[in-house]
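*Asks:* turn this into a structure:
(one chain, ligands or ions: 1)
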Amino acid sequence: MTNKLKYFIGNWKMFGDFGSFKIISKINQFCYKNRNVHKKKIVLCVPNILINFFNKKLKSKYLSLGAQNCHYHNSFGPFTGSVNASMLKKVGSKYIILGHSENRLEGDTNQIIKKKIISALDQNLNIIFCIGETHKEKIKKKTFSVLRKQIRNSLKKKFNINKIIFAYEPVWSIGTNKIPKKNELINTIKFIKRESKKYLSTKKMPKVLYGGSVNQKNIRLFSTISDIDGFLIGGASQSSKKFIDIIKNYYK
Ligand code: PGA
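*Replies:* Next up is the predicted model:
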């Protein structure tokens with residue numbers, strides 16, 4: 001079994017209210033009980049309105065909280081409905097998801113994502129930078145060129161690689177119960193590592209998570225791929241049992 005650090009990051013999306021504290025509290029208890037077992041980092045990216053509430057109630061060293069997006073503007077400004085990275089940091093976010101395909105669909109371009117990464121790095125947040133191809137792009141065999149473009153157009157060469165974790169999320173796999181073939185996935189994860197390492201001219205091997213329909217069953221298959229540094233888990237992270245079972249089954 002691996003002794004490499006693995007990430008289990010939940011993306012709650014538009015889910016949850018104050019009552020959902022019971023979910024996060026159960027996950028926190030699991031993290032506490034298993035604090036010395038396996039090198040793992042557990043993060044839950046929840047809606048902005050819950051970050052402060054959860055943070056104060058939990059006061060946990062074993063589970064970190066994160067946000068799911070932010071505005072790129074660094075200070076306060078006339079951006080109705082938006083929050084910036086500094087506001088998210090102040091309420092207790094340690095992590096932030098940027099470039100998620102659901103946000104790309106709503107207009108986030110690589111250029112906008114780059115500005116968001118700059119502002120989040122300014123706040124010393126850890127960035128979960130999502131990239132991935134659509135079904136159409138996959139069929140046209142454009143996966144690698146799409147990923148290369150997302151990496152090069154959203155990242156600056158001088159970005160601090162220690163604060164950026166890549167998440168490979170094929171768009172066709174999100175919420176669909178479809179997952180990539182093992183060989184394809186290994187090749188793609190290796191490609192992202194190679195490509196980003198070269199582009200950022202770093203000696204450090206970039207960390208790459210997989211996301212898309214991860215559940216308590218298919219995690220066994222993913223656990224056989226040592227190149228994957230962890231998982232970004234959507235739907236299944238909204239249930240404490242499913243999320244905990246994913247972690248348990250990973251290490252089985
Ligand atoms: P899913 O979502 O696990 O529900 O497929 C993953 C994500 O959107 O990050």
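
*Asks:* the residue in the stretch 101-250 of the chain positioned nearest to the ligand: neighbouring residues, count only.
*Replies:* When you check the stretch 101-250 of the chain against the ligand by Cβ to the nearest ligand atom, the closest residue turns out to be residue 234, at 2.2 Å. C-betas here are computed from N, CA, C, even on glycine. Look at residue 234: counted by other Cβ atoms under 10 Å, it has 21 neighbours.

*Asks:* how about it, what does it touch?
*Replies:* Taking Cβ atoms under 8 Å, 6 or more residues apart in numbering, we find residue 234 in contact with 10-11, 13, 174-175, 211, 214.

*Asks:* list, out of those residues, those positioned next to the ligand.
*Replies:* Residues of the contacts of residue 234 in contact with the ligand (Cβ under 6 Å from any ligand atom): 11, 174-175, 211, 214.

*Asks:* list only those of the residues you listed flagged as buried.
*Replies:* Among these, those buried by neighbour count (16 or more other Cβ atoms under 10 Å) are 11, 174, 211, 214.

*Asks:* the first one reaches residue 236, doesn't it?
*Replies:* Just to be clear, that refers to residue 11. No - judged on Cβ atoms under 8 Å, residue 11 makes no contact with residue 236 at a distance of 10.0 Å.

*Asks:* how many residues are close by residue 149?
*Replies:* By the other Cβ under 10 Å criterion, the neighbourhood of residue 149 contains 13 residues.

*Asks:* leaving out the residues flanking it, which one is nearest to it?
*Replies:* residue 110 (7.1 Å; Cβ to Cβ, 6 or more residues apart in numbering).

*Asks:* thinking that neighbour is in contact with residue 148, fair?
*Replies:* No - if you go by Cβ under 8 Å, residue 110 and residue 148 don't touch, sitting 11.2 Å apart.
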